[in-house]
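> from the sequence below, what's the structure:
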Amino acid sequence: MNYVFNLCANIILKKNKDIVLFVVLITVFVILINQLIWLVNMYQAYQKEMIFSLASCTEKAIHMELSNRLNKLDAPMTVRFAPFDISKSGPKIKRTIQTEDTSFVVEYDINDPNVDNKVLQYFFIKDNPTDINLINNYLQACLKEKRCEIDGSYIEYYDLQSKKRLKHNKARKWLPASVISTDTIPLDILKLVGVKAFVATSPRPILKKMGYQMGLSLVLFLFASYSLVFLLRTILQQRKLEKMRQDFVNAMVHEFKRPITNASTMLELAPDYMKMGEQKKAEAYISESLKEFQKLTAYTDRIQRISNDDKEKIVLERTSVPLIPFFERFKIGYPESRNKTVNISVSYKTMRENLYVDILHFSNVMDNLIENAIKYSDNPVNILIDISDIGSGLEIKVIDDGFGIPDRDKSSIFDKFYRGIPKQGHKIAGFGLGLTYVKAIVEAHLGTIRVIDAPNKGSIFVLNLPANHEKKAVTD
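All right, here's what the predicted structure looks like:
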């Protein structure tokens, strides 16, 4: 599964990195829409629960209001239901109802639990009509018992035959945020009159109930988004690292091939010159071959050195080093390099007399920076090493007038295997390991390094050693 995923990721990344970003954005958008739909459905479910509670409370309020009227009767009322044939009954049945002074036939649903109440309501329509204010009071009490938060309620009373509203108890200042209502509920058995309950609500109570779900949904969305972004970043970083490794291998093969080819060619020719009696020429070839092998040794040493670029693993042997002699040697260390004329000057703006550094590693740091300045410059090469006190620390600048470093590369030049292309587009051989080593050594000395553009052209590498590096050096 991982192999298939990596293969697909590589194919997509090779084709277009923007596709991966687009897919991630679409995925995040789909997750967001899905969560919003889920929350909307949850909100609607709570609304339906509220409507169900309203319907059941309205039925209960109607029953309680009827009971209240029955309790106020001066004389008891006798109502008889004629029996019906159970074997021939269906969902709808016809039944005779008798009172002391009348008899009539009604048709109703056998499963209706409120038949008795509806029959009684029929006899009360004219002489003792429904009190909608009392129904409203019972309704509010029932909803409060069910912990349904409402902003108000009212009842409408209808003539179901003409479908006209007869009366209501709606307040004049009725400005609800939203209103939910029941269907029209018939009161009597013949469906002559009915009521409809209205309740004013706001989203606040429902959103309060949904607080846990909304919080969980937000956490899920943020986690999913972070995971997708992290996955995208990891894929892009792995792809970038893989490309840099490939470039590194190609550069290493190229750099190793040249001295090996030169040395093997000269060693093959040296015995021939010795046979011809040209001893000096044979010795020169052997000497040049030795230099080529020394280059190989230097390349190998640099690669081996960089494998220990973790500042916590680098073991430093810091000592007190005379400052001026340490930097003066760089002025004469590069009289000519790569067939270029090299001019190195040093400016001292410090009161310090000594450095507390590992002389071997810190010398390598300066050598790397100077070699890079020479490598990425035209002929002649002008380099200034500027040393000054910054607060209680020390700042060392290596300023060149070379090709400069593009802005897109400034944040990556210290990454392992990274090799940028100078502004002029010159591609120069190398492994892309030197500046990684430089940064590791500077940080091991508790310092920092950064690169900026020179005022006219070229680059400035700025090294800062903090004031406490001397104290650390003594205790190490």
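> next one, pLDDT for Lys472 please.
At Lys472 the predicted local confidence, pLDDT, stands at 46.
> how many other residues sit next to Val30?
Per other C-beta atoms under 10 Å, the neighbour tally for Val30 reads 10. Where you see a C-beta, it was placed from the backbone N, CA and C, and this is true even at glycine.
> element containing it?
Element membership of Val30, judged by DSSP states H and E, is helix 17-71.
> quick one: mean pLDDT for the next helix or strand after that helix?
Once helix 17-71 ends, the next helix or strand along the chain (criterion: DSSP H and E) is strand 80-81. Model confidence over strand 80-81 averages 72 on the pLDDT scale.
> likewise stretch 44-54?
86.
> again with stretch 449-462
87.
> what does stretch 348-358 give?
90.
> tell me where the model's unsure across the stretch 301-450 of the chain.
Residues of the stretch 301-450 of the chain that meet the criterion pLDDT under 70 lie in 301-314, 333-338, 416-433.
> could you redo the last one with a cut-off of 80?
301-316, 332-339, 360, 392, 407-434, 436-437 (pLDDT under 80).
> all helices of it, in order?
Here the stretch 301-450 of the chain has its helices, by DSSP state H, counting those that start in this stretch, at 323-332, 359-375, 407-410, 434-444.
> next up, phi/psi of the residue lying closest to Ser178 once chain neighbours are set aside, please.
Nearest residue to Ser178, sequence neighbours excluded (C-beta to C-beta, 6 or more residues apart in numbering): Thr201, at 5.7 Å. Dihedral angles phi and psi of Thr201 (degrees, to the nearest 10) take the values phi -130, psi 170.
> count residues in the vicinity of Thr201, would you?
Counted with other C-beta under 10 Å, Thr201 comes out at 21.
> just the angle for the helix ranked longest in the chain relative to helix 17-71, thanks.
Among the segments of the chain that qualify as a helix by DSSP state H, the longest is helix 211-275. For helix 211-275 against helix 17-71, the angle by axes from the mean of the first three to the mean of the last three C-alpha atoms, to 10 degrees is 170 degrees.
> what bits of the stretch 151-300 of the chain have low per-residue confidence?
Checking the stretch 151-300 of the chain against pLDDT under 80 turns up 171-178, 202-213, 228, 231-233, 235-263, 265-267, 269-270, 272-273, 281-285, 288-300.
> the stretch 1-150 of the chain too?
Applying pLDDT under 80 to the stretch 1-150 of the chain picks out residues 1-25, 73-112, 123, 125-128.
> mind doing that once more with 70?
In the predicted model of the stretch 1-150 of the chain, residues 1-18, 20, 75, 77, 84-90 satisfy pLDDT under 70.
> packing partners for the longest helix of the chain?
With contacts taken as 3 or more C-beta pairs under 8 Å, 6 or more residues apart in numbering; DSSP states H and E, helix 211-275 sits against helix 2-15, helix 17-71, helix 279-306.
> other SSEs contacting the second one?
Here helix 17-71 touches helix 2-15, helix 115-124, helix 132-145, strand 178-181, strand 185-186, strand 193-201, helix 203-209, helix 211-275, going by 3+ C-beta pairs under 8 Å, 6+ apart.
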